[in-house]
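Engineer: Sequence and predicted model, in that order:
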Amino acid sequence: MEPKATVSPADFAACDLRIGTILSAEPLENARKPAYVLRIDFGPMGILKSTAQLALDYSEQELQGKQVVAVVNFPPKQVGPHQSRCLVLGAVQGANVSLLELPRSVPAGTPVS
């Protein structure tokens, strides 16, 4: 896979990357691909929802309590009846996704730089 176009440091810095703790994962009904609706705690920023195609790789129980990296300043995206308010980051290999996780716990809402 070829690298994407070059972006400036300012473009990258405009992305607000934060650590969030997954509170719950529920199946996204009527999804074209197996997915979950995630409720993620970002500490002082509150709890945000995200839809994520993780159902092939993670069970609902596995996701609960995981600390993940997410972009929290994209515009909301309507996915079926749910509004996705953040984008959880992961390494994608075909249909499989491996979440970007932290090796040690940090407070929810911690910025990533």
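Structural biologist: Yep, that arrived.
Engineer: Please count neighbours and contacts with C-alpha atoms only from this point.
Structural biologist: OK.
Engineer: what is the rounded mean pLDDT of stretch 8-26?
Structural biologist: The average pLDDT within stretch 8-26 is 96.
Engineer: residue nearest the centroid of the protein?
Structural biologist: The centroid of the chain falls nearest to residue 88 when counting by Cα atoms, centre = their mean (1.3 Å).
Engineer: how many other residues sit next to residue 13?
Structural biologist: Neighbourhood size, residue 13 [other Cα atoms under 10 Å]: 10.
Engineer: Check the gap between it and residue 112 for me.
Structural biologist: According to Cα to Cα, to the nearest Å, residue 13 and residue 112 sit 10 Å apart.
Engineer: And for residue 96?
Structural biologist: Per Cα to Cα, residue 96 is found 24 Å from residue 112.
Engineer: what does residue 32 give?
Structural biologist: Counting by Cα to Cα, the gap from residue 32 to residue 112 is 32 Å.
Engineer: same question, residue 55
Structural biologist: In terms of Cα to Cα, residue 55 sits 26 Å off from residue 112.
Engineer: Those two: which has the busier surroundings?
Structural biologist: residue 55 (19 against 12).
Engineer: got a list of what the more buried one touches?
Structural biologist: By Cα atoms under 8 Å, 6 or more residues apart in numbering, the residues touching residue 55 are 27, 34-36.
Engineer: Quick check: beta-bridge partners of the residue nearest to the centre of the chain?
Structural biologist: residue 70 (DSSP bridges).
Engineer: how about the helices of the protein, start to end?
Structural biologist: All helices of the chain, identified by DSSP state H, fall at 9-13, 60-63.
Engineer: Identify whichever of the ones you listed lies nearest to residue 81.
Structural biologist: Comparing the helices of the chain against residue 81 with Cα to Cα, the closest turns out to be helix 60-63 (19.6 Å).
Engineer: so how far is the closest one from its chain's centroid?
Structural biologist: Distance of helix 60-63 from its chain centroid, counting by Cα atoms, centre = their mean, to the nearest Å, is 14 Å.
Engineer: what do you get for stretch 54-74?
Structural biologist: Its chain's C-alpha centre and that of stretch 54-74 lie 6 Å apart, by Cα atoms, centre = their mean.
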